[in-house]
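Engineer: Below are the sequence and a predicted model; questions follow.
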Amino acid sequence: MRHVCQARGLDNVSDSDRVSQSSQYLVDDRHRVIYKGFAKSGSTSWISTLIGAMGGIPKKGKARSESFLNTVGLRRLSRKYYKPEEILLRLKNYFKFLVVRHPYDRILSTWRDKFVILYKAESGKPLPLKIFLGYIRRYDNSHWEPYQSAHPCVVQWDAIVKVETMLRDSPPILRKLGLNYTKLPVIHSHRDNKSDIYRLGKTLEEFRSVPPRHLNFLRTAYAVDMEMFGYTWNSTTMEAVCGNGGDMCC
């Protein structure tokens with residue numbers, strides 16, 4: 001990740017920018033941990049785990065609300081709660097981890113879990129993927145925002161967790177949170193085979209019916225994310241792959 005940030009000039013920021021661009025991160029001051037996740041990248045499971053580490057109990061429908069997070073001692077890394085120098089101090093000294101997922105698999109998961117089911121319940125038929133992709137080309141939403149929107153290059157991350165390798169990546173972080181177990185948070189998914197989430201390579205056949213203009217949009221919109229986190233996409237085989245070696249290690 002770091003060499004991509006440097007090559008693209010994305011890590012050349014002032015302390016003022018660093019402060020303002022870190023407001024989306026979640027802070028656990030008790031365990032000196034900073035977390036940044038994204039919708040449809042195991043975020044519900046990780047936020048629930050952070051709440052549990054603070055002795056709280058996640059409440060359905062409220063776990064992401066700022067007021068509820070505050071009641072268990074979790075804060076956004078923003079000027080609302082910290083002075084600029086306090087933000088910089090935490091960015092320097094706390095254990096910081098980021099969680100990502102292959103962008104194409106994440107989009108497909110959003111379509112399945114958020115749109116197919118709801119649309120079918122209302123209209124009696126599923127929403128075609130190509131219609132959904134046309135929608136995300138026109139509207140911004142946290143469920144498909146590029147990772148770049150969170151400015152990951154402004155932070156020296158201690159760990160980058162990928163959904164595809166979460167079984168391997170999570171235990172050290174769970175221990176850092178003071179949790180004396182190695183069982184992973186359960187990732188919510190409507191897939192019949194839950195273990196499919198953790199595969200390094202997946203053939204996403206649903207994209208075969210998608211017009212080239214939408215695939216071109218995806219390739220452009222997520223090019224930096226793909227390069228930065230070692231993901232690849234084969235437009236012939238429809239295979240989404242998480243690289244697993246060298247600097248591109250998941």
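Structural biologist: Ah, there it is. Residues are numbered from 1 along each chain as shown.
Engineer: For Lys162, see how far away the spatially most central residue of the chain is.
Structural biologist: In the chain, the centroid-proximal residue (C-alpha atoms, centre = their mean) is Phe38; its distance is 3.0 Å. According to C-beta to C-beta, to the nearest Å, Phe38 stands 12 Å off from Lys162. All C-beta atoms are positioned from the backbone trio N, CA, C, and that covers glycine.
Engineer: rewinding a little: I'd guessed the residue nearest to the centre of the chain sits against Trp144; true?
Structural biologist: No - using C-beta atoms under 8 Å, Phe38 is not in contact with Trp144, being 9.3 Å away.
Engineer: still on that earlier bit, list the contacts for the residue nearest to the centre of the chain?
Structural biologist: By C-beta atoms under 8 Å, 6 or more residues apart in numbering, the residues touching Phe38 are Val99, Val100, Arg101, Arg106, Ser142, Glu145, Tyr147, Ala150.
Engineer: Okay, and it sits in which element?
Structural biologist: Applying DSSP states H and E as the criterion places Phe38 outside every helix and strand.
Engineer: which strands and helices sit next to the helix or strand of the chain with the lowest mean pLDDT?
Structural biologist: For the chain, the helix or strand with the lowest mean confidence is helix 117-123, at a mean of 76 (criterion: mean pLDDT, DSSP states H and E). On a contact count with 3 or more C-beta pairs under 8 Å, 6 or more residues apart in numbering; DSSP states H and E, helix 117-123 meets no helix or strand.
Engineer: Past it, which element shows up next along the chain?
Structural biologist: helix 129-138.
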